[in-house]
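Novice: Using only what follows, build the 3D model:
(2 chains)
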Amino acid sequence: MKIATWNVNSLAVRLPQVLDWLTANPVDALCLQELKLSEDKFPFKELEAAGYHSAVFGQKTYNGVAILSRTAARDVVKNINGFSDEQSRVIAATLDTPDGELRIVNAYFVNGQTPGSEKFEYKMKWLDGLRNWLRDELAAHPRLVLLGDFNITVDDRDTYDPEGLRETIHHTTEERQHFQALIDLGLTDAFRMFEQPEKSYSWWDYREFAFRRNRGLRIDHILVSQAVKPMVKSCVIDKLPRKNERPSDHVPVTVELG
DNA sequence: ATGACGGTGTGGCACCGA
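Specialist: Predicted coordinates:
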């Protein structure tokens, strides 16, 4: 089975591209971030016509996450248990697969703006909350995938300018320690289980022809639990949608389990 | 470099993203 993550930066704008992508890439589940719309504006009908159920945690203007799946998701949890948050950033659900149940945790991590800012402090607290909750989720659901827009580069391979961007947002030691703390719960970065093209990124700024110059970051990740790791067959970034008209600044990342 | 681009909600711009 295939599971993908994509920060669409407004589902209202990107719905046609999502439908096109699903036609070309009929994954079993697609996790979306930055819907930028409330649940009452969510295109349930169009996605159902494409063969997908939707579990949605919407928010007007900012944030908003959803899990699209071929089979209906169950035991849906919205946001982080034990962490009070005004923003719609996390949706978790269980999928029933031929190999048993699989827990999906789809997250839109906090951006953090600038190290030292209030938003950065919020990012650190949010990461603490996520980790503490995830420990329980993993205990309850050994077969688990955590995926989404992490807004963290893992190491120098994940950034077009490791020296110039050192200790800037998405590159700080503190953020990377938080990422490592998630790994230490027993998770593995599926992308790095395989040999990958040099300078593989999942996001490029809209400005300065960043995509054309491949000045990007890898900040969209798929982490798998120890029980899932032996099943991982591939993990790929699909750059093609970044060439669309009115593209999202992020592209999909897909993991194949078998 | 207080910049760039793009989305949203608003209202003739400000805020946010990464």
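
Novice: what does the stretch 51-200 of chain A have sitting close to DNA strand B?
Specialist: Neighbours of DNA strand B within the stretch 51-200 of chain A, by Cβ under 7 Å from any atom of the strand: A:60-62, A:110-111, A:113, A:119, A:149, A:151, A:169-170. Backbone N, C-alpha and C define where each C-beta goes, glycine included.

Novice: Of those, which is the most crowded?
Specialist: residue A:149 (27 neighbours; other Cβ atoms under 10 Å).

Novice: contacting residues for the closest residue to that one other than its chain neighbours?
Specialist: Excluding the flanking residues, the one nearest residue A:149 by Cβ to Cβ, 6 or more residues apart in numbering is residue A:7, at 4.3 Å. Going by Cβ atoms under 8 Å, 6 or more residues apart in numbering, residue A:7 touches A:32-34, A:108, A:148-149, A:203, A:220, A:248-250.

Novice: For residue A:257, see how far away residue A:7 is.
Specialist: 22 Å (Cβ to Cβ, to the nearest Å).

Novice: looking at it, residue A:174 is touching residue A:128, isn't it?
Specialist: No: look at residue A:174 against residue A:128 with Cβ atoms under 8 Å: they stay out of range, at 11.4 Å.

Novice: Look at the most centrally placed residue in chain A and report its pLDDT.
Specialist: The centre of chain A sits closest to residue A:148, judged by Cα atoms, centre = their mean, with a distance of 0.9 Å. Note on residue A:148: pLDDT of 98.

Novice: Residue A:164: how many residues sit nearby?
Specialist: 9.

Novice: quick one: it is in a strand?
Specialist: No: Residue A:164: not assigned to a strand; according to DSSP: H, G, I helix; E, B strand; the rest coil it is coil.

Novice: roughly how far apart are it and residue A:150?
Specialist: Applying Cβ to Cβ, the value for residue A:164 to residue A:150 is 21 Å.

Novice: picking up where we left off before, mind listing what the residue nearest to the centre of chain A touches?
Specialist: Counting by Cβ under 8 Å, 6+ apart, residue A:148 makes contact with A:5, A:7, A:31, A:33, A:65, A:105-109, A:220-221.

Novice: Would you mind checking those for buried ones?
Specialist: A:5, A:7, A:31, A:33, A:65, A:105-109, A:220-221 (16 or more other Cβ atoms under 10 Å).

Novice: thinking again about what came up before, and the residue nearest to the centre of chain A, which of the three is it?
Specialist: Note that with three-state DSSP, the state of residue A:148 is strand.

Novice: Residues in a beta bridge with the closest residue to it other than its chain neighbours, which ones?
Specialist: Using Cβ to Cβ, 6+ apart and skipping the chain neighbours, the partner closest in space to residue A:148 is residue A:107 (4.0 Å). On the basis of DSSP bridges, residue A:107 is bridged to residue A:90, residue A:148.

Novice: Compute the number of surrounding residues for residue A:48.
Specialist: 12.

Novice: Please identify the helix or strand for it.
Specialist: Under the criterion of DSSP states H and E, residue A:48 resides in helix A:44-49.

Novice: Quick one: neighbours of residue A:10, just the number.
Specialist: 15.

Novice: same deal with residue A:167?
Specialist: Count around residue A:167 with other Cβ under 10 Å applied: 10.
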